[in-house]
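Participant: Based on what follows, work out the 3D shape:
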Amino acid sequence: MASIRDTDFTALLTKDQKRRLTDALFHASSLSNGGMAMIGLVELWGDENLIPFMWSYLKALKKDDPWETRNLMLKLATLLQNEEAVELIEEFKTGINWFPEKTAQIEQERMATLQRFIETIERSGAPRIIEIKNEPGTQR
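Facilitator: Down below sits the predicted model:
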């Protein structure tokens, strides 16, 4: 007997419902508070714009939210099957801590790791860029 966890509820969604959910994701101002769960949902039906959205969102990040950035990096590297990029996520994660006296230094290290992550993805053939309409902050 299949459990609820094994049931693909996205099969019950109409094409219009999937489009509305995808539009909501692609216009979200943040991926915190359920945005990554929404990415997982959209991933289930294989929307062709999901990877370009995540790539464009990552490149357009304008605020420092290390957990959101880390989760997005992990999902993107996993979907692109880029092992080198996956390895950089551990380095990025080690730059997340709660020592206020080291905040500026740690943020600088995270940004350097993020830049290496982006370069790694670009070397292997980056996804196309799409317009981000969610205004996620200021350009880094």
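Participant: Helix or strand: which one has the residue nearest to Leu76 when sequence neighbours are not counted?
Facilitator: Nearest non-adjacent residue to Leu76, counting by Cβ to Cβ, 6 or more residues apart in numbering: Met54, 4.8 Å away. C-beta here means a position set from N, CA and C on the backbone, and glycine is covered the same way. Element membership for Met54 (DSSP states H and E) is helix 50-59.
Participant: Let me know the next secondary structure element after that helix.
Facilitator: Following helix 50-59 toward the C-terminus (DSSP H and E): helix 66-79.
Participant: Quick one: residues in contact with that following helix.
Facilitator: Applying Cβ atoms under 8 Å, 6 or more residues apart in numbering, the external contacts of helix 66-79 come out as 30-32, 35-36, 39-40, 43, 50-51, 54-55, 57-58, 61, 85-86, 88-89, 92-93, 95-96, 110, 114, 117, 121.
Participant: try stretch 38-56
Facilitator: Contacts of stretch 38-56 (Cβ under 8 Å, 6+ apart): 8, 10, 13, 18, 21-22, 24-26, 28, 31, 72, 75-76, 79-80, 121, 126-132.
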